[in-house]
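> structure of the sequence below:
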Amino acid sequence: MSAVLPLKLKAMFGDYPNTAALKSGGISSPRLQFEFAEVKLAQTAFKAVVRGEFDVAELAIVTYLQAFAHGKPLTLLPTVVMAIPPHPCLAYNTTRSKLGPGDLAGKRIGIRAHSVTTVTWVRGILANDYGVNLDSIQWVAFEDPHVPECVEPANVSRAPAGKTLAGMLRAGELDAGVVSLADQKDGVLAPVIPDPAAALARWRERYKVRPLNHVVVLHRDLARAQPWVADEVLRLLQQSAARAPDMPGADSIQSGIEALRPTLDLIIHYAFQQGLIPRRFAVDELFNM
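Residues are numbered from 1 along each chain as shown. The predicted structure follows:
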């Protein structure tokens, strides 16, 4: 009798300390063989993930919520592969007037896209913790949504072709923007939320949440045909993450429905508030096959 070959999976994950062992083969399974797509930034492949072009892949949680709402062939696994603390990410240009959360009405804020997960976190925090009227802001987006059925509200416009978010913010063409921490290293850009580390700690304590951005999805056909694959992929990702216990934000790289429930419930709430999804999903719905 010939040996049973491992099941080959077309996969897409970014390069993080917690995925390194899996992607390098340091963590492996006799039952699965991964064929990893070569992508520099995982988000550049999210539209392909939504179209069902991968067997297993990383995906932003808000993109998954929208994909779920529109019947895309994906099933969520209860694990996190990438997390960014949202409070420091909304920045303003320090060479111009100081800007705080109470000063944002009527301002132009740059965002990569309307449905980006970090942007959803930031808007939710502004609205619920700082009383900001999100409709009073002009949001300037640089990319289309990953889920084509997503409809942007009237106060979202598209940035001019060839422009960059950080570039427009530094040039004074935007009042604020959701940018990376790397964009703020030279001190020209600084967080709009005062003392963002303390604000993040208060937010985590108040809502009993940990930031999460990118989760893991299986193609629904695979999940239904081979139910064991979900558990095996989850096991491998947990083992890979255990190889990077000292990475920044390691406590946010969690697994398990109960561990993720408070955070998932809050991002669902924010997404519904902002009109990104048609109703408040129950957390358990997201894992149905």
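> which residues in the protein form strands?
Counting by DSSP state E, the chain has strands at residues 7-12, 32-36, 56-60, 74-82, 90-93, 108-111, 138-141, 156-158, 176-178, 189-191, 214-219.
> dump the longest one to PDB, keeping only the CA atoms.
In this case it means strand 74-82. Written as PDB, here are the backbone C-alpha positions of strand 74-82 (Å, rounded to 0.1, in the frame of the first residue of the first chain):
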ATOM      1  CA  LEU A  74     -14.500  31.700   4.100                       C
ATOM      2  CA  THR A  75     -14.500  30.200   7.700                       C
ATOM      3  CA  LEU A  76     -12.800  31.900  10.600                       C
ATOM      4  CA  LEU A  77     -10.200  30.100  12.800                       C
ATOM      5  CA  PRO A  78     -10.000  31.400  16.400                       C
ATOM      6  CA  THR A  79      -6.400  32.700  16.300                       C
ATOM      7  CA  VAL A  80      -4.600  36.000  15.800                       C
ATOM      8  CA  VAL A  81      -1.400  36.400  13.700                       C
ATOM      9  CA  MET A  82      -1.000  40.200  13.800                       C
END
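> list the buried residues for it?
Taking 16 or more other CB atoms under 10 Å as the neighbour-count basis, strand 74-82 is seen to contain the buried residues 74-82. Using the backbone N, CA and C atoms, a C-beta is placed for each residue, glycine as well.
> do the first one as well
Residues of strand 7-12 classed as buried: 7, 9, 11-12 (neighbour count, 16+ other CB under 10 Å).
> and the angle for it with strand 214-219?
140 degrees (axes from the mean of the first three to the mean of the last three CA atoms, to 10 degrees).
> which helix in this structure runs the most residues?
Ordering each helix of the chain by length in residues (DSSP state H) puts helix 257-273 first.
> other SSEs contacting that one?
For helix 257-273, the packing partners by 3 or more CB pairs under 8 Å, 6 or more residues apart in numbering; DSSP states H and E come out as helix 61-69, strand 74-82, helix 117-130.
> JSON lines for the ones you listed, including mean pLDDT?
Shown next, in JSON lines, are the helices and strands packed on helix 257-273 (pLDDT from 0 to 100):
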{"stretch": "helix 61-69", "mean pLDDT": "98"}
{"stretch": "strand 74-82", "mean pLDDT": "98"}
{"stretch": "helix 117-130", "mean pLDDT": "98"}
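> residue 194 is nearest to which of the ones you listed?
Within the helices and strands packed on helix 257-273, the stretch nearest residue 194 is helix 117-130; the backing value is 10.4 Å (CB to CB).
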